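**Q** model this:
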Amino acid sequence: MKTHQFLIASVVGLVTAWPSFLYANNLQFESVSTPKTASKAESTLQVAPKIQVGNETQSLSYRRLLRVGERDASGEIFGAIKDRTGKVLKNEDGTPLLCNGTQPSAKGSGLDHVSILQRNGRLFAIFQFECGIGALYKAELLQSENGELSVKPGSLAYISQDDYFGGWVHCAGSTTPWQSHLGSEEYEPDARYALSDNGYGAELIEKYWRTPTGQVFPSPYYYGWMPEVRMTNEGKVVYQKHYAMGRFSHELGLVMPDQRTVYLTDDGGRVGLFMFVADKPRDLSLGYLYAAKWQQVSGSNGGQANLSWISMGHVSNTNIDRLLNPDDQVNTHDAIQFEDIFDKAILNQPQAECDKSGGRFIDATGTCLKLKDLTGDGKVLEEDIALASRLETRRMADYLGATVEFKKEEGLALNRKANQLYISMSVATGMMADNKGDIQLDNHGIPCGVVYQLEMGKHPLIDSEYVGQTMSAILTGRSKLYTTKGEESDYAGNECDINQIAEPDNLAFIEESGVLLVGEDTNKGHLNDAVWAYQINQRRLSRIATMPYAAESTSPDWIRIGNFGYISLTIQHPFSEKEFSKDKADLNQNDLVTDSYAGDATKQIQQGNGVSEVGYIGPIQLKKSLD
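**A** Model (predicted):
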């Protein structure tokens, strides 16, 4: 098998040699302050009140689109979890089981990403929910003359994933250049074990599949893929999972301007970085998958490296579908098993015995991997490696020698003019800073997180102009413990500098202005997660929003519709942490409770102290030019 490993030019001095680009709209946000501990601001959503667009100052505000539990005129309840027959699941008290991220509700973090799609003169929103039983909803949006967006009454609809074994832990997502929603399935179940023994698996089996005791359980290999939702010109949904793009803990995928190259982040404590190159534009069902190898140049300030890419072979969705569903019956559960891919008998052998057995010993995990013949031709060849790499992507990245040491790999954003990609690591510690392996960051790493910049370009062995060549830190958080004494006691409990990023999560880039948006997902780093605007040319950081206590600022995104711009924003599981008292939550009950819930679902959500919701910051009036 060909393994495309190559060394790109040195990145020494990369960070100091930043090019500047001219952008059509110079956007300057007015900053908001960090909420003081135990203040009213700590329990509310703060948004920059003004923005300067060129020489014009405009007012800014947050506008809600939907809140979990709302019942639409269509009869659908936003965020309700359904079984594979389409029936809404219920709690013991008869209220709908909602994916909200607070208890009692479905297991998971709640409402996450929204993609706003522009199709045939209409606007559609695709909402995804980060629970073990993954849910997707769609709605049509209306845009007023002054740019305000609203949900068209009666348009909310549940998106079935039943033909692909249902959904699983939908985290972040993106909008493709062809205006489809590219979703994710995070925290793939470990196929060494039964699905019932994997995190969210038991709830999925009991409630979604309703599998009786003693029957064959669904396969762990059904989950951990990349879903795509397309809208037809008539407003109908076309759904599929892209098996060709690999199975791992997908945070999200981001498609490059060639409409073929897709970067894929892997969220977890010890993960890889992946790139998919499709055979044809706008078709993610067939292509090559590559795993990155970090070749370190420096370990200081978050690190710098050259990147090489290891080919994991060429596969189609159909190739993998034959292994997941041989009889073309979704409910028979006859998928390939872990022991069909690797020799399970030698999995725990020490290195000396592993070598004798013909396996490959993986130091980091202490496991012995010996690949089996998946095609039945009596040999282990390229095709077997390619098929295994889609079912067991991270293990095969280890097997092939790629870097599987990144930690909490999260968001992606593209700077088209500079041909740069930005990637966030919420926490850059652990195997990134253990003085072993490929990545060896100095000073025990950076617990408050890093945003990296990838320089992209052509490559002679990979058919893409968007191949990552170098990787270096451009933004880092800084540890700083605020105590209850002294001048900074107002911020007691924060463990990262309040004027720097903390555990960066999802990213977005405002192409018209050269602004990188950075959302946070942090517990003690910042007590109130923030959204930051980072001016790339000026290297200036501004805090443009803070969430209510314990809420994650999931999936901020930039959407341009005509001459208006919007920053989408999901407020996920506010007031969900136990140490946050109900008294504090009451400070903001008027903002967090609505009368439009589905019956007793109101009480259920209130018991969890907060409601997940999605909206946007804007509208922002922009110039006509996109140059």
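**Q** in this structure, which helix or strand is least confident?
**A** helix 589-592 (a mean of 34; mean pLDDT, DSSP states H and E).
**Q** Wait, residue 161 touches residue 137, no?
**A** No: Residue 161 lies out of contact with residue 137 (C-beta atoms under 8 Å); the separation is 11.6 Å. For glycine as for every other residue, the C-beta is placed from the backbone atoms N, C-alpha and C.
**Q** More neighbours: these two, which one.
**A** residue 161 (25 against 22; other C-beta atoms under 10 Å).
**Q** what's the closest non-adjacent residue to the more buried one?
**A** Nearest residue to residue 161 in three dimensions, chain neighbours excluded: residue 167, at 4.4 Å (C-beta to C-beta, 6 or more residues apart in numbering).
**Q** Do a quick rundown of the helices in the stretch 501-627 of the chain.
**A** 582-586, 589-592, 601-607 (DSSP state H, counting those that start in this stretch).
**Q** between those helices, which gets the lowest average pLDDT?
**A** Looking over the helices of the stretch 501-627 of the chain, mean pLDDT reaches its minimum on helix 589-592, with a mean of 34.
**Q** Endpoints of stretch 430-438, how far apart?
**A** Taking C-alpha to C-alpha, to the nearest Å, stretch 430-438 runs 13 Å from one end to the other.
**Q** actually stretch 184-193, sorry about that
**A** Terminal residues of stretch 184-193 lie 22 Å apart, using C-alpha to C-alpha.
**Q** and after the longest helix seen in the chain, which helix or strand comes next?
**A** Ranked by residue count, the top helix of the chain under DSSP state H comes out as helix 382-391. Next helix or strand after helix 382-391 toward the C-terminus (DSSP states H and E): helix 393-400.
**Q** what does that next one rub up against?
**A** Applying C-beta atoms under 8 Å, 6 or more residues apart in numbering, the contact partners of helix 393-400 are 3, 246-249, 266, 271-272, 274, 289, 291, 310, 312, 342, 360, 362, 364-365, 369, 371, 385, 388-389, 403-404.
**Q** what's the angle between it and helix 382-391?
**A** Interaxial angle of helix 393-400 relative to helix 382-391 (axes from the mean of the first three to the mean of the last three C-alpha atoms, to 10 degrees): 140 degrees.
**Q** quick one, helices of the stretch 201-350 of the chain?
**A** Applying DSSP H, counting those that start in this stretch to the stretch 201-350 of the chain gives helices spanning 201-203, 317-324, 338-341.
**Q** just how off-centre is the second one within its chain?
**A** What that stands for is helix 317-324. Computed by C-alpha atoms, centre = their mean, to the nearest Å, the separation of helix 317-324 from the middle of its chain amounts to 24 Å.
**Q** quick one: average confidence on it?
**A** 98.
**Q** and if you look at stretch 289-309?
**A** Per-residue pLDDT over stretch 289-309 has a mean of 97.
**Q** Could you give me the buried positions within it?
**A** Neighbour counts using 16 or more other C-beta atoms under 10 Å place 289-299, 301-309 of stretch 289-309 among the buried residues.
**Q** and that stretch, how far from the chain's centre?
**A** The answer for stretch 289-309 is 21 Å, by C-alpha atoms, centre = their mean.
**Q** I'd like the next helix or strand past the helix or strand residue 130 falls within.
**A** Using DSSP H and E, the element containing residue 130 is strand 122-131. Counting by DSSP H and E, the next helix or strand C-terminal to strand 122-131 is strand 135-143.
**Q** Return the set of buried residues in that next one.
**A** 135-141, 143.
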